[in-house]
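Peer 1: model this:
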Amino acid sequence: MTVPPAVEAILSSKNRRVQGFLAAGHVCAVMGFHEYEPLSKKYRVPIVVTGFEPLDILQGIYLCVRQLEEGRSVVENQYARSVKREGNEAAQQMIREIFKVVNRKWRGIGEIPGSGLSLQEKYSRFDAEIRFNLPKLQVEESSDCRSGLVLQGLEKPSECPAFAKECTPQHPLGATMVSSEGACAAYYRYRR
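Peer 2: Reported below is the predicted structural model:
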């Protein structure tokens, strides 16, 4: 998956409530953060690249809130010990050689143009769907799950009727509970 198209899909929504982003440092270590700069400028939203340690996240939140209070919207790199603006160019070259950009469905949001990666034709012999003649998998999303609204900042996890009932980290219904960094998983873990 590629993240900037998903960020733009959220920012371009007419119902947008998201006021800032913490960009995942592990992704930016490879891809850099230059792709976020036009998004930050176009939608006037702060984007802060952070790591996953508690102090990284706290400082990322602080930098994002500070930008909001100052009326600024730029990309800041809190995770400078691991991330450069241009990222890892050798890794990017390998990704471009092996993968091509495709449209991809994001759980809870739907298909986002240019947000996925698929193997280039010359590597299709390594594609499990082709090699093992597998049908295209279509995963049904739970109608009880509101992770798409949570991802877009339109609802809090605790507002979902399935939260902490049918939907738990052991039995997740949506993307925001699947990932340990997801908003629903964090609400579940720290709700008390």
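
Peer 1: For the rest of this, base every contact and every neighbour count on C-alpha atoms.
Peer 2: Fine.

Peer 1: quick one: contacts of the least confident helix or strand in the chain by mean pLDDT?
Peer 2: Sorting the helices and strands of the chain by mean pLDDT, DSSP states H and E puts helix 128-131 at the bottom, at a mean of 87. Helix 128-131 is contacted by residues S124, R125, L134, P135, K136 when judged by Cα atoms under 8 Å, 6 or more residues apart in numbering.

Peer 1: Pick out whichever of those sits closest to G174.
Peer 2: Minimum distance to G174 across these is 20.0 Å, recorded for K136 (Cα to Cα).

Peer 1: name the element the closest one belongs to?
Peer 2: Counting by DSSP states H and E, no helix or strand carries K136.

Peer 1: ok, it - contacts?
Peer 2: Here K136 is in contact with E129 (Cα under 8 Å, 6+ apart).

Peer 1: Please apply the same query to R146.
Peer 2: By Cα under 8 Å, 6+ apart, the contact list for R146 reads G108, C160, G174.

Peer 1: how far away is it from P46?
Peer 2: For R146, the distance to P46 equals 25 Å [Cα to Cα, to the nearest Å].

Peer 1: Can you report how many residues lie near P113?
Peer 2: The burial metric for P113, expressed as a neighbour count using other Cα atoms under 10 Å, is 14.

Peer 1: Can you list the low-confidence ranges for this protein?
Peer 2: Low-confidence segments of the chain, defined by pLDDT under 70, span residues 192.

Peer 1: where do the strands sit along it?
Peer 2: Assigned strands in the chain, in chain order: 21-24, 47-50, 75-77, 99-106, 110-119 (criterion: DSSP state E).

Peer 1: Distance to Q152 for these - can I get that in TSV?
Peer 2: Putting the strands of the chain into TSV (distance: least, Cα to Cα, whole Å) gives the following:
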stretch	distance to Q152
strand 21-24	11
strand 47-50	15
strand 75-77	20
strand 99-106	12
strand 110-119	12
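
Peer 1: Which of these has the highest mean neighbour count?
Peer 2: Burial of the strands of the chain is given as mean neighbour count (mean count of other Cα atoms under 10 Å); strand 47-50 ranks first at a mean of 28.

Peer 1: what's it in contact with?
Peer 2: Taking Cα under 8 Å, 6+ apart as the criterion, the residues outside strand 47-50 that touch it are 20-25, 28, 33, 36, 40, 56-57, 60, 63-64, 73-79.

Peer 1: Alpha carbons only: can I get stretch 60-78 in CSV?
Peer 2: The C-alpha trace of stretch 60-78 is given here as CSV (Å, rounded to 0.1, in the frame of the first residue of the first chain):
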residue,chain,number,x,y,z
GLY,A,60,4.8,14.3,17.2
ILE,A,61,1.5,15.2,18.8
TYR,A,62,3.1,18.3,20.4
LEU,A,63,4.6,19.4,17.1
CYS,A,64,1.3,18.9,15.3
VAL,A,65,-0.7,20.8,17.9
ARG,A,66,1.9,23.6,18.0
GLN,A,67,1.4,24.0,14.2
LEU,A,68,-2.3,24.1,14.6
GLU,A,69,-2.1,26.7,17.3
GLU,A,70,0.3,28.8,15.3
GLY,A,71,-1.8,28.5,12.1
ARG,A,72,1.0,26.7,10.2
SER,A,73,0.7,23.6,8.0
VAL,A,74,4.0,22.0,6.9
VAL,A,75,5.6,18.6,7.1
GLU,A,76,7.9,18.3,10.1
ASN,A,77,10.3,15.4,10.7
GLN,A,78,10.2,14.4,14.4
